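Undergrad: take a look and give me a structure for this.
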Amino acid sequence: YMEGMDRTLALAAVVIVTALLCGSGVSGQDASPGFAPQWMDQYGPELVLHSLTSSNVSKGCQDSLHNPLNWPNILSSSGRNLNSMGDYSGCVDNTNFEYCILDGAGHTITQGLCIPKTCSSEDLEELYETAFHYNITAFLDKNALKPWTEACQQIQNKSQRDDCIAKFPEFVHEVQAIFDLLANAEHSFQCGNHRVDGVDAGIVVMGLITFIILTLASIQLYRELKTFKEFSEEERPMLNINSKDQDMEQRQQSQSPFAKLLLAFSVRRNMTELLSSPPSRTLKCLDGLRGFSMFWIILGHTINFQLPGFVGVSNPGAIQRDIQFESAQFLVSASFAVDTFFVLSGLLTAYCLIRKLQGGSRVPVVFGIVFRYLRVTPLLAFIVGIYATFFKYLGQGPLWFRFLDELEYCKRDWWQNLLYINNFYPVIYDHQCIPWAWYLADDFQYSIIGLLLLGLFRFTKKGTFALMTLLVFCGVIASGAISYHYNITLSKGDSQNYIYDKPYTRSAAYAIGLLLGSFVALNMNSIRSLTKLAGYSLLMFGSVGIVGIMYSTVGFNYSADNPNWTTNAMIAYQALSRFAWSVFLSCIIVACVGGHGMFVNWLLSLPFWEPLGRLTFAAYLIHPAIIRSVYYQKRQLIDFGPVEYSTYFVAFLTVSYVVATVLFVLVEQPSAVLVGYLRTKKRR
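TA: Okay, here's the model as predicted:
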């Protein structure tokens, strides 16, 4: 789409200038009443003429700009303030105009422009450079003060009138600041609706894979819907998917490889697995923690993808204001949900493997790594494939080019996700194919470490626990040291690329999970015999600690230049908050396992969390793609507010879990069944 910009338009910069000075405000503040029309009629053309006569603009573009009949549509359809998209439909409905976006400063500048089609991309850049290197302060001082004052004189209240006149220097200062920002910002002009047509090799390959999956599932479904009489004795056991016969596994092993393949794609069997519930489970509260944390992550991404750098909001001041309030701290703390998953991952790894050791089995380190890779990778590979090839056809619009830019990285870097090295390479987070898969890379690397540590368990318990504890301290020290070295605080610095997605900075949560899983597996009887006082104390301690961490940032101003916390305090928070979160969460889990979780345990153990917990993996992988495909079709910047993001959250949550169910039945569970066949073959 970048190569196809042969008809982009040249008036963008001048339109921005004129719109800024003619519009109802600058950076969201209202200008004086009546000032806009006077400026447009008297002084806007002078600035336009200066830009045209001072640059090498083509004659066709100049003729279009000198035509007064074009200006009503230009001004009415272009963004009237900085970071406003104007009227996309009103512009494209006129065949003589084209809608463009001035995209700058890492997507933090999003300006809608309606431009005559006679202007070229060269004209556009010429006008941009000329307009924003113009001495606008001198121009305003000479020409704008009089109409501003005259407009202010229309105000009846003397105090308000004087205040209006006194704001002129502030107006000039803000306009100059905008000029300086745009003059120095890295930028590009993106025109058209960016619709993708045509078929490439990628969509053909993924279409073929999807067709094969659906065919296998359809064949098996057809076979299951037929009566037993229509099948041979060899085929009948395959249909009895709910059989509790002790010989079921043996009969399945005697089936042909193709019959086993079909059975893996059984919709009925996989749905039964999704909805099944074992009669007794020791760690049932973990289902609620997984499901609730996934909801929290989707909420966080719903809001995060609205912010400048992705789509953008029309009222950025609301973010800066609301983020300090108590009601916003739950949203600000959404990243701790990821640490919850790391704790659960370490807990289950240690608990399950130590129980195996107690039963006389060995920890299969090498095969454990191999089977985990085979278990997790098929769904990840499928998501990477459809994201890179299919999603680009789902939309269009003035911002769709940003989505296409992200998808371009998949052409080159898709393989890094399948090797689980994408949290290190590519170095820049935004250059990853599916950036949110950093968690899977961290978790897979942790699983290798966990298997190696637990492989030592039967030789030296103390040594294993010492290494786990060392891993906890490594995470805390690494977070603090990197924050200090690169001057990364809560309000500035590249936290994403240096801290947030690196395994050595997030290891404390996983290591605490390993220690917790080991403690639960080795001391289950002691945990269940805890006194009510001890159990309730653990629950209260953990709950108060969790809430305290979430609300510890109340009142923090998130100012990069003048934060109201000291640098050392912010670094300490980054180093210790995730460690503390994991410790407090562990206390709650121990209380629930011991039967003293009260309302918390009841809530986290409700039956509906179990199937939702099984869908967590698929929901995590698919929901950011769904959010992006919706947001990048916006024709206006988002009005940030609780009603807006709550509505989107409910929609994204629902769609994500519906799609996750399909992915579980047709991709995730079939791959798990096939890996199970390999495990059975290995044991034999």
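
Undergrad: pLDDT value on the residue positioned nearest the centre of the chain, please?
TA: When C-alpha atoms, centre = their mean is applied to the chain, the residue found nearest the centroid is His301 (4.4 Å). His301 carries a pLDDT value of 95.

Undergrad: what does Leu453 give?
TA: pLDDT at Leu453 comes out at 94.

Undergrad: by contact count, what packs against the helix or strand containing it?
TA: If you go by DSSP states H and E, Leu453 is part of helix 438-455. Counting contacts by 3 or more C-beta pairs under 8 Å, 6 or more residues apart in numbering; DSSP states H and E, helix 438-455 is packed against helix 336-358, helix 365-389, helix 461-485, helix 503-522. C-beta here means a position set from N, CA and C on the backbone, and glycine is covered the same way.

Undergrad: where does Tyr99 sit: helix, strand or coil?
TA: With DSSP: H, G, I helix; E, B strand; the rest coil as the basis, Tyr99 sits in strand.

Undergrad: run the chain-centre distance for the helix holding Leu453.
TA: 23 Å (C-alpha atoms, centre = their mean, to the nearest Å).

Undergrad: which of the residues in that helix are buried?
TA: 438-447, 449-451, 453-455 (16 or more other C-beta atoms under 10 Å).

Undergrad: report the inter-axis angle for that helix versus helix 503-522.
TA: Orientation of helix 438-455 against helix 503-522 (axes from the mean of the first three to the mean of the last three C-alpha atoms, to 10 degrees) gives an angle of 50 degrees.

Undergrad: if we look at helix 438-455, which residues are touching it?
TA: Here helix 438-455 makes contact (C-beta atoms under 8 Å, 6 or more residues apart in numbering) with 338, 341-342, 345-346, 349-350, 353-354, 357, 363, 365, 368-369, 372-373, 376, 380, 417, 420-424, 429, 432, 464, 467-468, 471, 501-503, 506-507, 510, 514, 620.

Undergrad: could you check the angle helix 365-389 makes with that helix?
TA: Using the same axes, to 10 degrees: helix 438-455 against helix 365-389 is 180 degrees.

Undergrad: for the stretch 1-150 of the chain, give me the ranges with low pLDDT.
TA: Filtered on pLDDT under 70, the stretch 1-150 of the chain yields the residue ranges 1-55.

Undergrad: all helices in it, in order from the N-terminus.
TA: Along the stretch 1-150 of the chain, counting by DSSP state H, counting those that start in this stretch, helices occupy 12-22, 35-42, 44-53, 59-66, 71-77, 88-92, 121-132, 136-143, 145-152.

Undergrad: what's the fifth one packed up against?
TA: Other helices and strands packing on helix 71-77, by 3+ C-beta pairs under 8 Å, 6+ apart, are helix 12-22, helix 88-92, strand 97-104, strand 109-116.

Undergrad: how about the longest one?
TA: For helix 121-132, the helices and strands in contact under the criterion 3+ C-beta pairs under 8 Å, 6+ apart are helix 12-22, helix 44-53, helix 168-184, strand 187-191.

Undergrad: mind listing the helices for the stretch 201-350 of the chain?
TA: 201-225, 236-239, 248-253, 257-264, 267-275, 285-304, 316-322, 329-332, 336-358.

Undergrad: those: which one's closest to Glu150?
TA: Nearest to Glu150, of all the helices of the stretch 201-350 of the chain, is helix 316-322, at 29.1 Å by C-beta to C-beta.

Undergrad: where does this protein dip in pLDDT?
TA: In the chain (pLDDT under 70), the answer is 1-55, 227-254, 280, 681-684.

Undergrad: against Pro670, how distant is the closest residue to Gln633 other than its chain neighbours?
TA: Excluding its sequence neighbours, the residue lying closest to Gln633 (C-beta to C-beta, 6 or more residues apart in numbering) is Gly395, at 4.2 Å. Gly395 is 29 Å from Pro670, where distance means C-beta to C-beta, to the nearest Å.

Undergrad: more neighbours, those two?
TA: Pro670 (26 against 21; other C-beta atoms under 10 Å).

Undergrad: what about the more buried one, helix or strand, and which?
TA: Pro670 belongs to helix 669-683, assigned by DSSP H and E.

Undergrad: same thing with Val655?
TA: helix 642-663.

Undergrad: that older thread, quick one: the residue nearest to Gln633 and Arg635 touch, right?
TA: No - using C-beta atoms under 8 Å, Gly395 is not in contact with Arg635, being 11.2 Å away.

Undergrad: what number of residues lie near Val590?
TA: 22.

Undergrad: got it, and Gln496?
TA: 15.

Undergrad: who touches it in this structure?
TA: Gln496 touches Tyr429, counting by C-beta under 8 Å, 6+ apart.

Undergrad: re earlier: could I get the helix holding Leu453 in PDB with only the CA atoms?
TA: Extracted in PDB, the C-alpha atoms of helix 438-455 (Å, rounded to 0.1, in the frame of the first residue of the first chain):
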ATOM      1  CA  TRP A 438       6.000 -12.500  24.600                       C
ATOM      2  CA  TYR A 439       4.200 -14.200  27.500                       C
ATOM      3  CA  LEU A 440       4.300 -17.600  25.800                       C
ATOM      4  CA  ALA A 441       8.000 -17.200  25.200                       C
ATOM      5  CA  ASP A 442       8.600 -16.300  28.900                       C
ATOM      6  CA  ASP A 443       6.400 -19.200  30.000                       C
ATOM      7  CA  PHE A 444       8.100 -21.700  27.800                       C
ATOM      8  CA  GLN A 445      11.500 -20.700  28.900                       C
ATOM      9  CA  TYR A 446      10.300 -20.900  32.500                       C
ATOM     10  CA  SER A 447       9.000 -24.400  31.900                       C
ATOM     11  CA  ILE A 448      12.400 -25.500  30.800                       C
ATOM     12  CA  ILE A 449      14.000 -24.000  34.000                       C
ATOM     13  CA  GLY A 450      11.200 -25.600  36.100                       C
ATOM     14  CA  LEU A 451      11.700 -29.000  34.600                       C
ATOM     15  CA  LEU A 452      15.500 -28.800  35.100                       C
ATOM     16  CA  LEU A 453      15.100 -27.700  38.700                       C
ATOM     17  CA  LEU A 454      12.500 -30.400  39.600                       C
ATOM     18  CA  GLY A 455      14.800 -32.900  37.900                       C
END
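
Undergrad: tell me what angle it forms with helix 461-485.
TA: 150 degrees.

Undergrad: got the angle for helix 438-455 vs helix 336-358?
TA: Between helix 438-455 and helix 336-358, the angle comes out at 30 degrees (the same axes, to 10 degrees).

Undergrad: angle of helix 438-455 against helix 285-304?
TA: 150 degrees.

Undergrad: so how far is Phe444 from the nearest residue to Thr210 once chain neighbours are set aside?
TA: What sits nearest to Thr210 in space, not counting adjacent residues and going by C-beta to C-beta, 6+ apart, is Ile386, at 7.8 Å. According to C-beta to C-beta, Ile386 and Phe444 sit 21 Å apart.

Undergrad: what does Ala318 give?
TA: 39 Å.

Undergrad: one more: Gly291?
TA: Distance from Gly291 to Phe444, by C-beta to C-beta: 22 Å.

Undergrad: now do Phe391
TA: Taking C-beta to C-beta, one finds Phe391 at 24 Å from Phe444.

Undergrad: swap in Cys474?
TA: 18 Å.

Undergrad: before we move on, what about Ala259?
TA: 32 Å.

Undergrad: ok, and the closest non-adjacent residue to Gly545?
TA: That would be Phe584: by C-beta to C-beta, 6+ apart, it lies 3.4 Å from Gly545.

Undergrad: tell me who's in contact with Leu516.
TA: Contacts of Leu516 (C-beta under 8 Å, 6+ apart): Val343, Gly346, Leu347, Ala350, Ser586, Ile589, Val590.

Undergrad: identify, from those residues, the entry nearest to Val311.
TA: Using C-beta to C-beta, these come closest to Val311 at Val343, 32.0 Å.
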